[in-house]
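1. All I have is the shape, not the residue letters:
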């Protein structure tokens with residue numbers, strides 16, 4: 001996030017939520033937003049589902065799945081046409097305004113109304129509100145990034161914020177709400193194929209830091225992404241996979257393909273606190289201490305480092321993750337893994353990235369100083385708001401405005417980008433973005449399908465489904481397939497019926513909820529449940545050209561009503577696929593119902 005999450009409550013005049021089911025997926029942040037609304041802030045929600053936040057919003061725009069760029073471009077079209085853009089901010093701090101102006105000229109509010117039914121007057125009103133209020137904050141999550149045009153979606157958000165000057169001040173900014181509590185920290189620590197704590201692997205600084213502190217020559221080539229991993233394994237490029245704290249069998253798209261690829265590994269290691277679906281297909285499973293049983297730090301979505309004290313002792317033989325990794329490293333004679341405490345690990349982070357973390361000492365963290373990076377020295381108060389000087393990280397200090405278009409099919413994207421660069425005589429290497437649909441409905445798969453979470457469970461349910469109060473209390477319904485009313489009318493499926501959703505990648509079965517809250521011709525379900533994991537059907541073939549993200553939020557599928565017999569057959573098949581461990585299934589069956597429900 002460019003800003004701190006508390007500013008939704010204290011400073012924002014407009015909170016703009018797009019592709020985020022905030023109240024269910026980020027309830028603490030939603031609480032801050034609702035406090036802001038009580039103070040007088042306006043709320044705009046844009047989403048294919050009429051979520052809880054959408055029902056509370058001052059403006060709700062129900063777009064089709066993936067219709068992000070056309071709407072954002074139409075808002076910018078109107079803002080520029082009415083002269084509501086911040087020309088001084090653009091002149092002083094940005095490059096590329098003419099490129100954006102050119103690319104949004106055909107995206108009018110009237111076009112949005114024609115293509116979606118959303119009134120042009122509403123698009124204009126929301127655009128004017130964003131441009132005119134003193135402080136507008138834009139919040140988004142994976143409902144914007146998990147598409148083949150996910151990076152272009154974020155470019156479009158950035159364009160909107162920059163042409164209106166809604167950045168670098170309290171209550172403004174571009175604010176991705178991280179999906180888990182330490183996603184920001186994992187990225188900052190180098191859990192990306194091109195990054196270490198000292199920066200991008202190919203940069204001089206990263207190379208120097210690795211040489212001086214890690215005593216190694218850092219490979220300057222970008223590594224493999226998780227989205228390329230199954231193919232890398234099948235090509236023989238990856239022989240060993242080590243997974244910890246993740247459950248990719250359920251969280252990655254096209255489950256069958258991922259499981260098949262993992263069967264070709266020479267060695268598969270999983271380190272976790274439960275025998276997850278991924279752990280059950282591993283060669284070696286390493287148990288580890290859970291969060292209450294270890295000391296350390298988390299780095300939250302506001303870039304703040306938070307201290308985690310150990311509350312209880314772990315069971316005999318269990319160690320924190322960092323110790324497990326250090327023990328393995330020492331056994332293969334790797335240098336630099338003789339840490340004795342979490343503080344020593346953190347002190348190395350400060351050495352590796354002094355401009356970012358140098359001033360965030362362990363003592364300051366333990367004293368509950370909520371410090372956001374960058375914090376270069378011990379007198380520095382941290383940086384809760386980025387870009388207060390209106391300077392970017394580019395060498396010239398200017399923000400880049402990126403031209404973004406939208407085409408009918410992914411095959412046309414490269415041609416559009418080339419044509420745009422030539423027409424505008426853009427400098428070589430200047431990025432051009434383009435939106436499109438990764439898949440379109442067909443006769444066999446006539447519906448759009450999207451995925452998400454619900455408030456009772458967290459990601460793949462590894463921890464929350466072990467909580468009886470959630471699993472058998474608040475979430476007694478289990479996996480549910482939500483469908484729009486037009487699908488129900490077309491298929492004759494009613495709420496409470498069993499149905500199967502299927503496409504070329506797989507199928508899942510569950511009970512149905514017919515809801516008027518869904519945009520037409522759309523199916524929604526979650527990836528919390530191994531017995532009906534939506535990611536079995538998700539598209540792992542297509543990728544965003546910038547980030548390589550798969551379009552997990554946009555899949556095509558068919559749906560049909562089934563009887564209870566077929567439902568049970570599909571569930572048994574799924575259980576055998578996702579839980580191949582006979583020991584796991586025997587343990588599950590041995591739990592008495594009375595004990596489970598107590």
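-> The structure has been received and is ready for your questions. This structure is a prediction, so every number in the text was calculated from the model and none was measured. Numbering: from 1, shown residues only.
2. Show me the domain layout of this structure.
-> Here the domain parsing of the chain from automatic domain parsing is 7-177+395-435, 224-299+305-366, 447-597.
3. most tightly surrounded among those?
-> Most buried of those by mean neighbour count (mean count of other CB atoms under 10 Å) is domain 7-177+395-435; its value is a mean of 20. Every residue, glycine included, has its C-beta placed from N, CA and C.
4. distance of the closest residue in space to residue 180 that isn't next to it in sequence from residue 137?
-> In this structure, residue 180 finds its nearest non-sequential neighbour in residue 459, 6.8 Å apart by CB to CB, 6 or more residues apart in numbering. Residue 459 sits 25 Å away from residue 137, going by CB to CB, to the nearest Å.
5. Pretty sure residue 203 is one of the things residue 209 touches, is it not?
-> No. Counting by CB atoms under 8 Å, residue 209 does not reach residue 203; the two are 9.5 Å apart.
6. Next, format the domains of the chain as a markdown table and append distance to residue 386 and mean pLDDT.
-> Shown next, in a markdown table, are the domains of the chain (distance: least, CB to CB, whole Å; pLDDT from 0 to 100):
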| stretch | distance to residue 386 | mean pLDDT |
| --- | --- | --- |
| domain 7-177+395-435 | 7 | 97 |
| domain 224-299+305-366 | 12 | 96 |
| domain 447-597 | 21 | 90 |
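7. Quick check on the residue positioned nearest the centre of the chain: phi, psi?
-> Closest residue to the average C-alpha location of the chain: residue 142 at 3.7 Å, with CA atoms, centre = their mean. Backbone torsions for residue 142, taken as degrees, to the nearest 10, come to phi -70, psi -10.
8. ok so, going back, ok, the residue nearest to residue 180 - contacts?
-> By CB atoms under 8 Å, 6 or more residues apart in numbering, residue 459 lies in contact with 179, 180, 247, 251, 453, 527, 528.
9. Can you tell me which of these is nearest residue 226?
-> Nearest to residue 226 among those is residue 251, at 9.5 Å by CB to CB.
10. I'd like the distance between the residue lying closest to residue 193 once chain neighbours are set aside and residue 229.
-> Take residue 193 and drop its neighbours on the chain: the residue closest to it by CB to CB, 6+ apart is residue 223, 3.5 Å away. Distance, residue 223 to residue 229, using CB to CB: 10 Å.
11. Repeat that for residue 471.
-> For residue 471, the distance to residue 229 (CB to CB) stands at 30 Å.
12. and if you look at residue 469?
-> According to CB to CB, residue 469 and residue 229 sit 35 Å apart.
13. element containing the residue nearest to residue 180, please.
-> Under DSSP states H and E, no helix or strand contains residue 459.
14. Also residue 469?
-> helix 468-469.
15. The residue nearest to residue 193 reaches residue 191, doesn't it?
-> No. Taking contacts as CB under 8 Å, residue 223 lies outside contact range of residue 191: 10.8 Å.
16. Please look at residue 142 and residue 554 and confirm they touch.
-> No. Using CB under 8 Å as the test, residue 142 is too far from residue 554 to be in contact (11.6 Å).
17. And the residue nearest to residue 321 when sequence neighbours are not counted, how far from residue 442?
-> Of all residues not flanking residue 321 in the chain, residue 288 sits nearest, at 5.1 Å (CB to CB, 6+ apart). Residue 288 sits 45 Å away from residue 442, taking CB to CB as the criterion.
18. Over to residue 314?
-> Using CB to CB, residue 314 is found at 51 Å from residue 442.
19. related to what we said a few turns ago, using CSV, lay out the domains of the chain together with distance to residue 197.
-> As requested, these are exported to CSV (distance: least, CB to CB, whole Å):
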stretch, distance to residue 197
domain 7-177+395-435, 20
domain 224-299+305-366, 4
domain 447-597, 21
